[in-house]
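In: I would like the atomic coordinates for the input below:
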Amino acid sequence: MNFRKSNIKILISTVLMSCAAFGCLIMAENKIINSSGKKDVIIASKDIKQGTAIDKSSLKKVEYYRECVNSDSVTNMEYMGNKYASENIYKGEVISKKRVLDKNDDLKPFLKENEKEISIPLSKFNNDTFIGTLREGDIVDIVHTSVVNEKAEDEVEAKGLKVIGAVDSQGRFLKEQDKNILAASLVFLGSEEEFIKISKDFYIGYFTIARCSKVKK
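Out: Numbering: from 1, shown residues only. This next block holds a predicted model:
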């Protein structure tokens with residue numbers, strides 16, 4: 001009788017120990033999955049249009065498997081402070097660092113729909129020295145001159161175009177304080193229509209620039 005009781009106690013103890021070991025194994029597996037299998041990422045909770053400021057109400061934090069997360073994926077909300085969309089971002093899409101810009105970074109202006117970055121070297125202008133002194137924030141009018149049958153013909157290419165970058169011969173962006181360095185090329189913010197117009201006339205004749213008062217376009 002005592003022998004049977006002992007066997008029952010041993011059996012119960014064995015079952016309990018097995019259950020405890022199994023429970024510990026499940027907990028350990030869950031811990032491994034939670035700690036290394038998944039990672040927090042930020043996704044768009046609605047469509048975000050190119051050029052618009054990204055509000056945190058348009059974002060959501062979710063868990064993705066680590067193999068689906070790359071180095072460009074945004075993993076925390078703090079990174080998204082003061083950011084604009086440089087491209088259209090669609091609902092459910094993981095936010096990529098390559099598709100957002102800092103609104104305080106004035107050397108990488110975001111482009112809205114129908115806006116283009118237009119770069120023109122100084123060799124295309126007839127008043128090189130003056131053009132080389134222009135800097136980011138200057139507002140200009142651009143006229144194109146072509147010679148047809150020995151007769152010069154002028155056409156306004158763009159009015160109130162904003163300079164968004166002045167680049168020296170080394171490819172460095174110049175600041176307003178770089179007064180003793182002439183720009184080798186200028187970058188303008190313009191519409192798609194202005195970009196097409198300037199591109200068509202790029203290899204014919206020359207451009208002339210007139211500086212305007214600094215009024216927002």
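In: gap between the helix or strand harbouring Glu157 and the chain center?
Out: In this structure, Glu157 sits in strand 151-167 according to DSSP states H and E. Relative to the centre of its chain, strand 151-167 is centred 27 Å away, using Cα atoms, centre = their mean, to the nearest Å.
In: which of the residues in that strand are buried?
Out: In terms of neighbour count (16 or more other Cβ atoms under 10 Å), strand 151-167 has its buried residues at Glu157, Ala158, Leu161, Lys162, Val163, Ile164, Gly165, Ala166, Val167. Every C-beta, even on glycine, is put in place using the N, C-alpha and C of the backbone.
In: Quick check: the farthest pair among those?
Out: Pairwise distances across these peak at 20.0 Å for Glu157 and Val167 (criterion: Cβ to Cβ).
In: Where does pLDDT dip in the chain?
Out: By pLDDT under 70, the low-scoring segments of the chain are 1-36, 103-113, 128, 214-217.
In: now do 50
Out: Within the chain, the stretches with pLDDT under 50 are 2-3, 5, 16, 21, 106-108, 216-217.
In: do you know how far the spatially most central residue of it is from Phe130?
Out: Centroid-nearest residue in the chain, with Cα atoms, centre = their mean: Val100, separated by 3.3 Å. Going from Val100 to Phe130 by Cβ to Cβ, to the nearest Å gives 37 Å.
In: Same check on Lys46?
Out: 47 Å.
In: Could you do Glu150 as well?
Out: Distance, Glu150 to Phe130, by Cβ to Cβ: 27 Å.
In: now swap in Ser96 and tell me
Out: For Ser96 relative to Phe130 (Cβ to Cβ), the value is 41 Å.
In: Give me the nearest residue to the residue nearest to the centre of the chain, chain neighbours excluded.
Out: Nearest-residue entry for Val100: Lys83, 4.4 Å, with adjacent residues in sequence omitted and distances by Cβ to Cβ, 6 or more residues apart in numbering.
In: what's the neighbour count on that neighbour?
Out: Residues lying near Lys83 (other Cβ atoms under 10 Å) number 23.
In: One more: Gly137?
Out: 12.
In: now swap in the one 5 residues further on and tell me
Out: Ile142 is surrounded by 24 other residues when neighbours are defined as other Cβ under 10 Å.
In: for the one 3 residues further on, same thing?
Out: Using other Cβ under 10 Å as the criterion, Thr145 is surrounded by 15 other residues.
In: And it, which helix or strand is it part of?
Out: strand 139-148.
In: ok, and what's touching that strand?
Out: The contact list for strand 139-148 (Cβ atoms under 8 Å, 6 or more residues apart in numbering) reads 126, 134, 152-163, 188, 198, 201, 204-215, 217.
In: How about stretch 54-62?
Out: By Cβ under 8 Å, 6+ apart, stretch 54-62 touches 40-46, 48, 77, 80, 83-85, 95, 100.
In: Pull out the buried residues from that stretch.
Out: Buried residues in stretch 54-62, counted by 16+ other Cβ under 10 Å: Ile54, Ser58, Leu59, Lys60.
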